[in-house]
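Undergrad: Build me a model from this:
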Amino acid sequence: MTGSANVAIGIGRNLRRCRKRAGISQEALGERAGLHRTEIGLLERGARTPRVDTLVRLAASLSVPPAELLAGITWTLGHVEVVDGAFEVNEPEAG
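TA: Numbering: from 1, shown residues only. This next block holds a predicted model:
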C-alpha cells in the first residue's frame, strides 16, 4: 500500500471517529459540509483523500480543529541528498 493510501485510511479513520463522537450520520455530515453522503463514505473508507479545503469544511462541520482529522499521520524525512521520505499513520490515542 502506498504512503498516500495510508494517509487516506488514516484520515478516514479519524473522520469516522469524530463523526461518531458527534453522534451524526454520514448524511448529516454531508449536508453540513456540502458533500454527498456517498463522498463521506468514500472518505471514511480511505478510498479518497480529501483536498485541503474539504478537510477544513469537514472539520468545521464536526466542530473540531483540522489537525484532529490528521491525528497520527506524520512524515519522516528521507536522506537530505535524495528527497525520499515516507508517511507514517498511527492509531490515535482513545480519548
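Undergrad: Which other helices and strands does the longest helix anywhere in the chain contact?
TA: When every helix of the chain is counted residue by residue (DSSP state H), the longest turns out to be helix 3-22. Where contact means 3 or more Cβ pairs under 8 Å, 6 or more residues apart in numbering; DSSP states H and E, helix 3-22 is packed against helix 26-33, helix 37-45, helix 66-69, strand 73-76, strand 86-89. Yep, even glycine has a C-beta here, placed from its N, CA and C like the rest.
Undergrad: Swap in 10 Å and give it another go.
TA: Other elements packing on helix 3-22 under the criterion 3 or more Cβ pairs under 10 Å, 6 or more residues apart in numbering; DSSP states H and E are helix 26-33, helix 37-45, helix 52-61, helix 66-69, strand 73-76, strand 86-89.
Undergrad: how big is the angle separating that helix from helix 26-33?
TA: Relative orientation of helix 3-22 versus helix 26-33 (axes from the mean of the first three to the mean of the last three Cα atoms, to 10 degrees): 100 degrees.
Undergrad: so who does the closest residue to residue 12 other than its chain neighbours touch?
TA: Nearest in space to residue 12, with sequence neighbours left out and distances taken as Cβ to Cβ, 6 or more residues apart in numbering, is residue 46 at 4.0 Å. For residue 46, the contacting residues are 1, 5-13, 15-16, 89, by Cβ atoms under 10 Å, 6 or more residues apart in numbering.
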